[in-house]
Structure formats: structure tokens, C-alpha cells
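Build the 3D model from these lines:
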Amino acid sequence: MIPLEEAQNRILGTVPRLPAATVSLGDALGLVTVESLAAMEPIPPFANTAVDGYAVRAADTAGAAPEAPVRLRIVAELPAGRAPTVPVGPGEAIRIMTGAPVPDGADAIVMVEDTTIGENGDGGIVAVSRQASQGDNVRPAGGDLAAGAPAIPAGTVLGPAHLGVVASLGHPTVMTVRRPRVGVMSTGDELVPPGEPIAVGQIRDSNRPMLLALVAQAGCEPVDLGIGIDEEAVITERLEKAAATCDAVVTSGGVSMGDYDMVKVVLRRLAEMEWMQVAIKPAKPLAFGMLGGVPVFGLPGNPVSSHVSFELFARPALLQMMGHPRRFRPVTPAVAEHDMRRRLDGRLYLDRVALRRDGDGRLLAARTGVQASNVLSAMALADGLALLPDGEGYGAGELVDILRLDLPADH
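This is a model prediction of the structure:
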């Protein structure tokens with residue numbers, strides 16, 4: 001058996017980063033920038049109001065209070081999206097809406113909540129009940145980004161706010177590392193897709209829907225390759241087509257020692273594969289290699305093992321292909337709510353656990369149920385994987401490291 005970290009390093013040392021591509025903002029979420037972006041003009045490009053209210057000269061509001069309001073003459077109204085055409089003179093005010101440009105002559109905005117309207121037959125009067133200071137509620141030009149200021153550095157994983165910044169720079173597209181297309185195939189004659197009748201000796205294909213979802217969750221484009229029945233010609237055709245149309249391939253089943261499934265026969269013939277026994281439980285068997293320059297991840301067939309194997313090996317590699325600087329989910333300590341014992345066998349155990357906070361804010365971990373590699377329901381309840389190194393395990397109340405499945409890549 002080989003240590004977990006060694007197996008991960010072998011894979012990450014082989015998988016290349018994908019080339020760059022120009023993508024629309026609508027398709028860029030989660031992708032990684034390959035060039036720095038800077039503001040070509042001030043953002044915002046003009047001083048504007050942060051509130052609905054009245055543009056005034058702050059000096060004209062001196063001494064204003066609820067019991068002694070200052071009365072100003074309303075000379076215009078300015079909605080957002082319009083350029084001001086009337087300046088604010090002494091004793092005057094302009095009704096203004098959030099986001100509208102601050103008109104000439106004004107140096108403050110009084111919130112509408114601090115005003116009342118009184119008509120006098122001469123265009124209207126506004127009574128201001130709070131003294132304003134210069135700059136009140138004014139967003140200055142360049143207050144977000146000055147012209148030439150750096151906005152998005154290269155290597156940024158684009159989140160929703162980043163995409164808003166790119167849009168504010170005026171770019172409808174952005175140059176990023178390309179999103180990989182990842183083919184997913186389950187293997188085995190015993191598998192039946194959901195919705196079809198099942199016979200004795202057959203089982204539902206749960207791995208393929210699960211792995212397709214994990215691929216999408218990692219930010220990749222999933223490609224359903226279907227169920228590969230145990231016929232060499234079928235498996236060969238599926239894998240060759242996948243290598244020609246996808247950037248990576250994930251299979252489940254047929255990677256155990258002494259296994260004679262056709263996927264193993266075909267991969268040995270078509271690809272440069274390494275068949276590993278990793279010192280972990282679950283997910284000990286793992287196949288990895290390159291098929292025509294395309295990474296192939298051969299995951300175990302047991303559903304929990306398949307899920308865990310994807311998390312530990314395929315997901316970090318796919319993130320590396322996408323140029324992510326952080327590829328592994330974070331590990332945080334938690335207090336074991338009960339004994340988490342194990343036997344000595346030279347492997348790292350990864351127990352499925354649910355997490356919660358107690359009244360003191362401590363993070364607590366408890367096993368989600370039976371830890372067998374076929375019990376997918378326990379995996380569905382898990383927020384993380386308790387890392388139990390070779391030994392006797394942990395007692396209740398002791399700190400145990402948790403691989404956080406509920407958090408994105410962090411280091």
C-alpha cells in the first residue's frame with residue numbers, strides 16, 4: 001500500500017493545466033483568471049448620491065433641527081440615469097434619486113427621511129430637519145476604483161462579486177482557464193439505471209448520478225457516458241470517444257486487485273495506467289493514468305469508496321486542471337461526541353461524520369451511521385470525513401481532524 005499523500009502527488013504531478021479561453025460572464029463563475037484586469041476609468045465615473053433625498057449646499061442647512069427646520073426652494077428633480085441640467089444655488093435644493101449624478105453647486109445629500117415638503121406656490125419648499133456636512137451621502141468619482149487601479153489579479157477564482165467587478169469594468173467576457181469536460185461512466189453488467197425494472201442479482205446505478213453531481217460541484221462540465229457493460233468492444237468505444245471529446249474521464253468499478261472487469265482489460269490496452277492500493281479506508285483501490293493525453297480516474301465500485309476516492313484524488317486534480325491555486329478541502333479540528341475507535345492495519349480511516357455546534361460554540365463530530373463502504377445513506381448525512389490515523393482511534397471528548405466536505409477548497 002502507498003500513503004495517501006504519495007498517491008495524490010503522483011496524480012497532481014501528471015495532470016496538466018488546461019489552456020485559456022475567453023468566456024462570457026454568465027459562464028465564468030468558478031473559473032480562474034489568466035490575466036490581470038485594471039480599471040480603465042474611475043468607478044463610479046461620476047459623483048453620485050447614495051440615498052434618495054435632496055442635493056443641497058451643506059452651508060445652507062446650518063442649524064437645521066426637527067424643532068427648527070431650514071426651508072429650501074426645490075428647483076428641479078433628478079432621477080438616476082439622467083444628467084443634471086440645473087445647478088444648486090444658495091437656498092436651493094434638487095430632489096434626487098439614488099445613483100443620480102450630484103448636480104453642480106451641491107456638496108451634500110440630505111436623506112428624504114430628514115425632510116418634509118411644504119408647498120408655497122413657487123415650485124415647492126423642502127423643510128430640512130438635520131444639518132448636513134460636506135460629502136454627506138455622496139459617492140465620489142473613483143470611490144470604488146480609481147482609473148488605472150488593479151481590480152482583478154491573475155489567478156483569481158471568480159465568484160459572484162468578482163463577476164460584478166468585471167462587469168463594472170465594462171468587460172462582457174473574461175480570459176480564464178477553460179472549464180474541463182469530464183466524462184463519467186459506471187461499469188458492470190449488474191447495474192441498472194433508475195426508472196428501469198430490476199432483477200435478482202442487479203443493483204441500481206447510484207455512482208453515475210453521484211459522480212456527475214460531484215463533477216458539476218467541482219465546477220466542471222459533466223458528460224454522461226452511461227453504463228459500460230462488460231463487453232470489450234463497448235468499453236473500448238466509450239473510452240476512445242471520451243478521450244476524443246472530454247478533458248478527463250472518471251469511471252467507477254473494476255479497479256480492485258484480481259478484478260477481471262472489461263474496463264480494466266481495456267484501460268491496460270489503451271492507456272498508460274497505474275493500479276494503486278492506497279493506505280486508506282474506504283477507497284483503497286485506485287487506478288490513474290493517461291489515455292491519449294486525457295487523465296483517467298478509475299474509482300472503486302462501492303458507492304462510498306467511489307465518493308471518497310473522487311474527493312481525495314479526482315477533485316483536486318480537476319481543480320488543478322482549472323488552474324485553482326487551492327485544490328484540497330480544509331481540515332479543521334472537532335470534538336468527538338463519542339468514541340471513534342479503529343483497528344491497527346496501517347491505513348488512514350476516513351469515517352463519515354456529521355458536524356454541529358454546542359452551546360459553547362465548539363464544533364462537535366459524530367459518526368453518521370454504519371461505516372461500511374456500501375452504505376451511501378451515511379455518506380449523504382456527512383458534513384465531513386474524520387481522519388483517524390493508524391492506531392486505536394479517539395475517545396469521546398478528544399479532538400479529531402475533519403476533512404470538511406461542507407466547505408470549498410481552502411489550501
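
Is the closest residue to residue 310 other than its chain neighbours in a helix, a strand, or coil?
Distances taken as C-beta to C-beta, 6 or more residues apart in numbering place residue 214 nearest to residue 310, at 5.2 Å, with adjacent residues excluded. In short, each C-beta sits where N, CA and C put it, glycine included. Of the three states, residue 214 takes helix under DSSP: H, G, I helix; E, B strand; the rest coil.

contacting residues around residue 214?
Residue 214 sits next to 307, 310, 311, 314, 315 when contact means C-beta atoms under 8 Å, 6 or more residues apart in numbering.

what's near enough to touch residue 248?
Residue 248 neighbours (C-beta under 8 Å, 6+ apart): 180-183, 220, 294-297, 314, 317-318, 321.

among the residues you listed, which are in helices?
317, 318, 321 (DSSP state H).

is it true that the last one touches residue 18?
Yes: in this structure, residue 321 is within contact of residue 18 by C-beta atoms under 8 Å, at 5.2 Å.

hey, what's in contact with both of these two?
With C-beta under 8 Å, 6+ apart as the test, residue 321 and residue 18 both reach 177, 180, 247.

For burial, what's the neighbour tally of the closest residue in space to the second one that isn't next to it in sequence?
Looking back up the chat, that one is residue 180. Residue nearest to residue 180 in three dimensions, not counting chain neighbours: residue 247, with 3.8 Å by C-beta to C-beta, 6+ apart. Neighbour count of residue 247, defined by other C-beta atoms under 10 Å: 23.

The stretch 201-350 of the chain: strands as residue ranges?
Assigned strands in the stretch 201-350 of the chain, in chain order: 203-204, 221-228, 248-252, 272-277, 280-281, 285-291, 294-299, 331-336, 340-341, 348-357 (criterion: DSSP state E, counting those that start in this stretch).

what's the offset of stretch 185-201 from the middle of its chain?
33 Å (C-alpha atoms, centre = their mean, to the nearest Å).

Return the set of buried residues in that stretch.
Under the neighbour-count criterion of 16 or more other C-beta atoms under 10 Å, stretch 185-201 has 185, 186, 187, 188, 190, 191 buried.

Now residue 164. Its backbone dihedrals?
With angles defined as degrees, to the nearest 10, residue 164 sits at phi -60, psi -40.

what about it, distance to residue 36?
Applying C-beta to C-beta, to the nearest Å, the value for residue 164 to residue 36 is 17 Å.

same deal with residue 81?
31 Å.

try residue 282
From residue 282 to residue 36 the distance is 43 Å (C-beta to C-beta).

So between those two, which is more surrounded?
Using other C-beta under 10 Å, the more surrounded residue of residue 282 and residue 36 is residue 282, with 25 against 12.

Let me see the contact set for residue 280.
4, 308, 312, 347, 348, 349, 350.

Swap in 6 Å and give it another go.
Residue 280 makes contacts with 4, 347, 348, as judged by C-beta atoms under 6 Å, 6 or more residues apart in numbering.

So which of the residues you listed wins on neighbours?
residue 347 (21 neighbours).

What is the neighbour count of the nearest residue to residue 15 once chain neighbours are set aside?
Among residues not flanking residue 15 along the chain, residue 317 sits closest, at 4.5 Å (C-beta to C-beta, 6+ apart). Residue neighbour count, defined by other C-beta under 10 Å, stands at 22 for residue 317.

Residue 317 and residue 296: what is the separation?
Distance of residue 317 to residue 296, given as C-beta to C-beta: 11 Å.

Over to residue 107?
Distance, residue 107 to residue 296, using C-beta to C-beta: 66 Å.

separation between the residue nearest to residue 15 and residue 27?
22 Å.

With residue 58 instead?
Distance from residue 58 to residue 27, by C-beta to C-beta: 47 Å.

With residue 271 instead?
For residue 271 relative to residue 27 (C-beta to C-beta), the value is 30 Å.
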